[in-house]
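Undergrad: here are the coordinates; sequence isn't available:
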């Protein structure tokens, strides 16, 4: 076996770097050269695996979206364990708000979807997934409202560099869950 790195492993490493680069510096800052430098590979390696910048960007955004889905599955398990109680949903969300890198990655997905209609399905995964998860504990309309509220909280947290107080989250989530007349039992 040669000492060369597995091509799929190299591709994955470049995607991880590209995703982090976009989260750190924005969607538009991504270049093959920056990925090559950060990944410690040649520029030709990045252009071999990703023939265009759009290919690299889209592949990295797909990786971010899959990480979002992993986070959603974990959050769904946590919500199921707490039987969908608003205070526990707020506590779990408060923990997520402390992961600045994950929040930035989510915003990169939104930004990409805002300017590229082909990427909108990737950008919508978190909000749609959260609404689906919460629909088991409240009405679909309330679940959607909570997911939209959470999106706003993420943006607010990134802009102010300060997460919203957990007690505020709890009050807002409880109010939204209980506002709908179609609440599930």
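TA: In hand now; what should we look at? As the structure is a prediction and not an experimental result, all values here were calculated from the model.
Undergrad: now the lengthiest helix in the chain: how far from the chain's centre is it?
TA: Counting by DSSP state H, the longest helix found in the chain is helix 53-81. Centroid displacement of helix 53-81 relative to its chain, using CA atoms, centre = their mean, to the nearest Å, is 6 Å.
Undergrad: Tell me which other helices or strands that helix touches.
TA: Applying 3 or more CB pairs under 8 Å, 6 or more residues apart in numbering; DSSP states H and E, we find helix 53-81 packed against helix 7-25, helix 32-39, helix 86-97, helix 100-115, helix 120-134. For glycine as for every other residue, the C-beta is placed from the backbone atoms N, C-alpha and C.
Undergrad: What about residue 83, how many residues nearby?
TA: By other CB atoms under 10 Å, 9 other residues sit near residue 83.
Undergrad: if I look at it, how far off is residue 136?
TA: 10 Å (CB to CB, to the nearest Å).
Undergrad: Same question for residue 164.
TA: The value you get for residue 164 to residue 136, if CB to CB is used, is 24 Å.
Undergrad: Compare those two and say which is more crowded by neighbours.
TA: residue 164 (18 against 13).
Undergrad: The more buried one touches residue 97, doesn't it?
TA: Yes. Under the criterion of CB atoms under 8 Å, residue 164 makes contact with residue 97 at 7.1 Å.
Undergrad: what's the overlap in contacts for the two?
TA: 153, 157 (CB atoms under 8 Å, 6 or more residues apart in numbering).
Undergrad: what's near enough to touch the residue most central in space within the chain?
TA: For the chain, residue 106 is the residue whose C-alpha lies nearest the centre (CA atoms, centre = their mean; 3.4 Å). Residues in contact with residue 106 (CB under 8 Å, 6+ apart) are 64, 68, 126, 154.
Undergrad: Same list, the residues you listed, but as a markdown table with pLDDT please.
TA: As requested, the contacts of residue 106 are arranged in a markdown table below (pLDDT from 0 to 100):
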| residue | pLDDT |
| --- | --- |
| 64 | 92 |
| 68 | 89 |
| 126 | 91 |
| 154 | 95 |
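Undergrad: Go through the residues you listed and single out the one with the most neighbours.
TA: Neighbour max across those (other CB under 10 Å) = residue 64, 26 neighbours.
Undergrad: pretty sure that one is touching residue 21, no?
TA: No. Using CB under 8 Å, residue 64 makes no contact with residue 21, being 11.3 Å away.
Undergrad: ends of stretch 91-102, how far apart?
TA: 17 Å (CA to CA, to the nearest Å).
Undergrad: Buried residues, it. List them.
TA: 92, 93, 94, 96, 97, 102 (16 or more other CB atoms under 10 Å).
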